[in-house]
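Participant: Pasting a predicted model and its sequence here:
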Amino acid sequence: MRVLCFGRFCDEQPGGIQSHVLSLLESLRAEVDFLNLVPSRNFQRQRFTRAGTPVVRTAGWDVDGSLVLSPGLALEAWRQHRARPFDLVHLHFPDPMSHLASLVIPARVPRVITWHAEIVRQQYLLKLYRPWQNRGLRRAGAIIVAAPENRRASPDLLLPGIPDKVRVIPFGFDLTRFAQPDAETLAGAARLRAAHPGKKLVFALGRHVSYKGFDVLIQALAGLGPDVRLLLGGEGPLRPTLERQATRLGLQDRVCFLGRIPEARLAAHYQACDVFCLPSVTKAEAFGIVQLEAMAAGRPVVSTRLGNGVDFVNQEGKTGLTVPPGNVAALTAALAALLAREDWRKELGRAAQRRALSEFQRERMAASTLALYRAVLQAQKP
């Protein structure tokens with residue numbers, strides 16, 4: 001079958017939706033003829049191959065890092081469909097630009113929508129866009145969510161005519177490099193540990209934006225002993241603010257801003273840390289792939305209770321600990337409790353690895369998604 005996938009940006013800036021889309025495309029490339037159509041964040045139009053799938057990137061204007069305006073997206077979708085018609089369109093919400101561009105594809109071509117999260121920050125946009133969004137949800141052949149909690153956490157998925165379309169298919173990834181580190185990864189982890197001799201390491205990773213809650217994590221670090229270091233990976237508009245916060249709290253020597261970590265070196269950071277932390281404060285964080293990577297590496301996770309897929313991945317008291325979002329005292333206490341007990345960390349880490357490798361297999365996601373595609377196409381036939 002030929003499927004048009006609107007897969008976000010497919011660029012070098014890491015992101016959860018991008019990671020999921022690439023994993024899906026790679027896992028199904030033997031069964032599905034995909035085209036991944038994405039906007040650029042730098043005005044450049046490009047054609048290339050990623051995860052074994054052709055990618056067309058149209059020129060776009062980056063509004064805020066997550067919202068991109070790309071009028072050429074609709075024109076390219078129309079051209080591609082006219083040249084070789086698509087059997088199905090796969091959208092990834094929230095993404096108003098791609099959704100609007102997909103409207104040039106005839107309505108008879110069925111839609112599958114993966115619901116990642118609600119629009120949290122651009123509330124002014126949501127008021128205008130929500131009627132179109134919910135119309136698209138009602139007309140979809142199926143709606144995929146990565147966790148049962150995501151179905152209940154999103155009010156839009158509970159509107160009339162929508163709940164019966166929702167299917168739970170957990171995201172899946174090839175986690176081998178995290179679970180079975182090679183010699184180079186272990187050497188990299190050893191170098192990281194040697195750079196902080198005798199210290200306990202908390203690792204956190206993500207784009208430096210407000211919903212990630214890194215300001216809360218830095219504040220929590222102030223309540224931990226001087227032998228604790230925070231390794232904070234990623235970039236984003238809030239990095240200068242976070243650096244100033246660390247300096248103001250006297251933590252400039254205990255918070256290590258690592259910047260963007262190359263994929264080849266990422267696994268070493270999970271191996272080096274004692275605890276991984278995902279301190280997100282809003283439901284814009286709907287799953288947390290990074291905590292899944294940490295779990296595959298055998299590390300316990302401290303995450304926030306957001307009532308969605310984040311809670312589904314990291315289970316309280318089984319694979320790590322969970323705390324209320326934005327609660328500095330609770331986050332400090334959870335980190336302190338784990339850092340104080342190596343035996344408990346190892347026990348939770350082993351359970352975390354078992355869960356990651358058994359419940360979030362890429363092959364399982366691929367098989368379930370392919371079966372859903374076929375069911376949607378079959379239902380579309382007269």
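Facilitator: Received it, and whenever you're ready, just let me know what you need.
Participant: Okay, strands next: where are they in the stretch 251-382 of the chain?
Facilitator: 255-259, 275-278, 301-304, 320-323 (DSSP state E, counting those that start in this stretch).
Participant: got the CA coordinates for stretch 358-366 in CSV?
Facilitator: Output of stretch 358-366 as CSV, limited to C-alpha atoms (Å, rounded to 0.1, in the frame of the first residue of the first chain):
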residue,chain,number,x,y,z
SER,A,358,9.1,-6.6,26.6
GLU,A,359,6.3,-4.0,26.2
PHE,A,360,7.8,-1.5,23.8
GLN,A,361,9.1,-3.7,21.0
ARG,A,362,9.3,-2.1,17.5
GLU,A,363,8.1,-5.3,15.9
ARG,A,364,4.9,-5.3,17.9
MET,A,365,4.1,-1.7,17.1
ALA,A,366,4.8,-2.4,13.4
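Participant: mind giving me the domain ranges of this protein?
Facilitator: 2-172+361-380, 176-359 (automatic domain parsing).
Participant: Need these in CSV (columns: mean pLDDT and mean neighbour count).
Facilitator: From N, CA and C alone the C-beta is placed, and that goes for glycine too. Below are the domains of the chain laid out as CSV (pLDDT from 0 to 100; neighbours: other CB atoms under 10 Å):
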stretch, mean pLDDT, mean neighbour count
domain 2-172+361-380, 92, 18
domain 176-359, 97, 19
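Participant: these two touch, right, residue 217 and residue 331?
Facilitator: Yes. Assessed by CB atoms under 8 Å, residue 217 is found in contact with residue 331 at 6.8 Å.
Participant: Between these two, which contacts overlap?
Facilitator: Both residue 217 and residue 331 are in contact with 277, 279, where contact means CB atoms under 8 Å, 6 or more residues apart in numbering.
Participant: Can you name the residues that contact residue 133?
Facilitator: Residue 133 touches 93, 94, 96, 99, 156, counting by CB under 8 Å, 6+ apart.
Participant: tell me the helices in the stretch 1-150 of the chain, going along the chain?
Facilitator: 16-28, 72-83, 96-102, 123-139, 148-153 (DSSP state H, counting those that start in this stretch).
Participant: any chance of these in TSV, plus distance to residue 110?
Facilitator: Formatted as TSV, the helices of the stretch 1-150 of the chain follow (distance: least, CB to CB, whole Å):
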stretch	distance to residue 110
helix 16-28	17
helix 72-83	13
helix 96-102	12
helix 123-139	9
helix 148-153	21
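Participant: So for residue 364, which of those helices sits nearest?
Facilitator: helix 16-28 (9.6 Å; CB to CB).
Participant: Contacts for the closest one, please.
Facilitator: 5, 7-11, 34, 36, 50-53, 92, 114, 116, 146, 171-174, 286-289, 362-363, 365-366, 369-370.
Participant: Swap in 7 Å and give it another go.
Facilitator: 5, 7-10, 34, 36, 50-53, 92, 116, 171-173, 287, 289, 362-363, 365-366, 369-370 (CB atoms under 7 Å, 6 or more residues apart in numbering).
Participant: do the same with stretch 317-327
Facilitator: Contacts for stretch 317-327 (CB under 7 Å, 6+ apart): 213, 216, 280-281, 295, 300-306, 311, 314, 316, 330-331, 334, 338, 348, 351-352, 355.
Participant: chain center to stretch 237-248: distance?
Facilitator: 24 Å (CA atoms, centre = their mean, to the nearest Å).
Participant: Repeat that for stretch 183-200.
Facilitator: So, by CA atoms, centre = their mean, the centroid of stretch 183-200 is 26 Å from its chain's centroid.
Participant: For stretch 68-75, measure first residue to last.
Facilitator: 16 Å (CA to CA, to the nearest Å).
Participant: Give me the contact list for it.
Facilitator: 37, 39, 41, 58-63, 97-98, 100-101, 104.
Participant: 8 Å - rerun?
Facilitator: 6, 9, 37, 39-41, 45, 58-63, 97-98, 100-101, 103-104.
Participant: closest one to residue 83 among the strands of the stretch 251-382 of the chain?
Facilitator: strand 255-259 (41.2 Å).
Participant: who does the closest one touch, helix- and strand-wise?
Facilitator: strand 228-233, helix 239-248 (3 or more CB pairs under 8 Å, 6 or more residues apart in numbering; DSSP states H and E).
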